[in-house]
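Enquirer: Fold the following, please.
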Amino acid sequence: MDTILRSDTFTIVQIKVLNYCRLYLQVVTVSDLCQANGTHIDAGYLSGYPTLLSSQTNWITINQARPADKHWVLWQRAIRTWCRDDNSLYRPLGQWLDSGDKLRRKWSFYYDIPTKFLYVRHQEKFLQYEHRSDQIFIKSRSVQCTPHSHLLPVHATMLLGKDMWQVEHRLPVPITSPPPHIPETFEEYVDALPLWEQDLFSQLEMSFGCYIILDLIDQYPVANPSGSPDQFQRQLSSLLAVSNGSSMDGTMTFGWTMSLPNGQRIASCAGPAPGSKDLSFPAEAYGMLSMVRFLLHLFSFCDAHQTWQTQLSTGN
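Expert: Numbers count the residues shown, from 1 in each chain. Below is the predicted model of the structure:
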């Protein structure tokens, strides 16, 4: 949808219709629309009628009714952004980066690299096919199979009149993962986050380094509670955080700040809030989301497991 939004080709109403189609198909990225060969869009996903051989999500499922047939003409027009009339991608996808057990979709065909078996999904089981020659596989038996680290999705076609399948693209090779990059600074850590999370910290300012922030909060003395309920809550807290959001002239923004109970600021952030409606409520929600995700990533970067009493506040 990011490409559709940036294209400036579709109206707001059309974008909503395209999103309904996407939600009905349970797809998130272009790869979800593709055959396992990574070179063609699945015709079933293009038409809005996925087949038994189409991939299926095993991630988050959205309850979305199928849009009317007329809307799928618009969907097909949008998908042509990535593919030609024969459904081949302008920019084919690369090799699989994760094995079958780590993918968010389940596929109809898997190739087992060590044994050279082809597994074809059939109802709740898989049919196991042995590799004969020329990437042609012949049936051997029906087995229970669960995707594991040696299985990778492939795209196969049945040979006419025979219980044989042929993989017409290059068979996958073992995945070799490069050593993970360990960020040296929190800025590097944020830069490695998904784009939607990077946007949450577009104008992040930290008054201290990560470990100093943790030490300041850990060492702050908690007073004996007294006074009004609001004072009572503040005295029990080691960290205070406030966020707010606003909307004006078709744009939404958020901002938040964190401090110790004595008023010493430790971090603040501001940024844009996306959304199709010009309302303050989504902006305020993004402010709270940014604030909470900051704490989460602060703990993750420092490998910390603090148990603070924290007061988070937002406007409404």
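
Enquirer: which element is Met288 on?
Expert: Using DSSP states H and E, the element containing Met288 is helix 280-302.

Enquirer: Take that helix, keep the C-alpha atoms, and write them as CSV.
Expert: Taking Å, rounded to 0.1, in the frame of the first residue of the first chain, the C-alpha atoms of helix 280-302 are listed here in CSV:
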residue,chain,number,x,y,z
SER,A,280,-6.7,14.2,16.9
PHE,A,281,-7.5,10.8,18.4
PRO,A,282,-5.2,8.8,16.0
ALA,A,283,-2.4,11.4,16.6
GLU,A,284,-2.8,10.9,20.3
ALA,A,285,-2.7,7.2,19.9
TYR,A,286,0.5,7.4,17.9
GLY,A,287,2.0,9.6,20.7
MET,A,288,1.3,6.9,23.2
LEU,A,289,2.5,4.2,20.9
SER,A,290,5.8,6.0,20.3
MET,A,291,6.3,6.5,24.0
VAL,A,292,5.7,2.9,24.9
ARG,A,293,7.8,1.5,22.0
PHE,A,294,10.7,3.8,23.1
LEU,A,295,10.7,2.2,26.5
LEU,A,296,10.5,-1.3,25.0
HIS,A,297,13.5,-0.6,22.7
LEU,A,298,15.4,1.1,25.4
PHE,A,299,15.1,-2.2,27.4
SER,A,300,15.9,-4.3,24.4
PHE,A,301,19.1,-2.3,23.4
CYS,A,302,20.4,-2.3,27.0
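
Enquirer: Which other helices and strands does that helix contact?
Expert: Taking 3 or more CB pairs under 8 Å, 6 or more residues apart in numbering; DSSP states H and E as the contact definition, the neighbouring helices and strands of helix 280-302 are helix 186-191, helix 210-219, strand 239-248, strand 251-259, strand 265-272, strand 310-314. To be clear about C-beta, it is placed using only N, CA and C from the backbone, and glycine gets the same treatment.

Enquirer: could you say what helices and strands the second one packs with?
Expert: Applying 3+ CB pairs under 8 Å, 6+ apart, one finds that helix 210-219 makes contact with strand 265-272, helix 280-302.

Enquirer: what do you get for the first one?
Expert: Contacting helix 186-191 under the criterion 3+ CB pairs under 8 Å, 6+ apart are the following elements: helix 195-198, helix 280-302.

Enquirer: Which residue comes closest to Leu289 once chain neighbours are left out?
Expert: Using CB to CB, 6 or more residues apart in numbering and skipping residues adjacent in sequence, the residue nearest Leu289 is Leu200, 6.5 Å away.
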